[in-house]
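Asks: What shape does this take:
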Amino acid sequence: MKKIVLLLTLFVASAAFAQSVPDITFKTTTHSFGKIKQNVPATYIFSFTNTGSKPAVIEFANAECGCTTPEYSKDPILKGKSSTIKVTYNAANPGTFKKNVNVKFVSTQLPITLTIDGEVVPAGKTK
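Replies: Numbering: from 1, shown residues only. Predicted coordinates:
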């Protein structure tokens with residue numbers, strides 16, 4: 001009997017602490033810029049839709065380095081509505097790059113990773 005009570009207590013406690021996960025659908029989570037000119041920032045806008053039943057709020061969007069900047073609205077995204085995350089790469093250094101931006105929504109445990117990549121070439125050599 002004690003085992004049953006303990007199991008029920010654990011079940012109720014875990015249900016109470018369970019996190020509601022908003023359903024978010026990104027059109028794409030990756031973007032390749034191809035060849036871009038050095039010192040000319042490149043921007044891509046990732047679009048997503050809240051397909052869940054509750055409003056979704058972005059808790060944070062962090063880039064893995066200072067060369068990549070994410071911008072997003074802090075307003076709740078209502079059920080069925082769409083929003084965007086604008087990601088800009090500064091393109092200061094020549095060579096190939098692959099950068100990630102981790103986007104965490106309130107009430108979720110794990111972030112969603114957005115990835116950009118490409119090759120920065122000196123101006124005049126993008127062909």
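Asks: center of the protein, which residue is that?
Replies: Of all residues in the chain, the one closest to the mean position by Cα atoms, centre = their mean is Val103, 3.0 Å from it.
Asks: Contacts for the strand or helix carrying that residue next, please.
Replies: Using DSSP states H and E, Val103 sits within strand 95-105. The contact list for strand 95-105 (Cβ atoms under 8 Å, 6 or more residues apart in numbering) reads 22, 24, 56-65, 67-68, 70, 72, 85, 87, 89, 110-120. No exception for glycine: its C-beta is placed from N, CA and C like everyone else's.
Asks: Note down every partner strand of it and its orientation.
Replies: Using DSSP bridges, the strands paired with strand 95-105 are strand 58-63 (antiparallel), strand 112-121 (antiparallel).
Asks: So which bits of that strand are buried?
Replies: For strand 95-105, the neighbour count (16 or more other Cβ atoms under 10 Å) marks 97, 99-101, 103, 105 as buried.
Asks: Taking the residues you listed, tell me the two that lie furthest apart.
Replies: Spanning the widest gap among those are Phe97 and Phe105, at 26.1 Å by Cβ to Cβ.
Asks: Leu78 and Pro55 touch, don't they?
Replies: Yes: under the criterion of Cβ atoms under 8 Å, Leu78 makes contact with Pro55 at 5.3 Å.
Asks: Please enumerate the helices of the chain.
Replies: In the chain, the helices defined using DSSP state H lie at 2-17.
Asks: For it, which residues score under the pLDDT cut-off?
Replies: 1-22, 124-127 (pLDDT under 70).
Asks: Now with 90, please.
Replies: Residues of the chain meeting the criterion pLDDT under 90: 1-22, 107-108, 123-127.
Asks: Ser32 pairs with what?
Replies: Beta-bridge partners of Ser32, as defined by DSSP bridges: Asp117.
Asks: try Ser82
Replies: According to DSSP bridges, beta-bridge pairing links Ser82 with Thr49.
Asks: For it, grab the count of nearby residues.
Replies: Neighbour count of Ser82, defined by other Cβ atoms under 10 Å: 12.
Asks: Sounds good, over and out.
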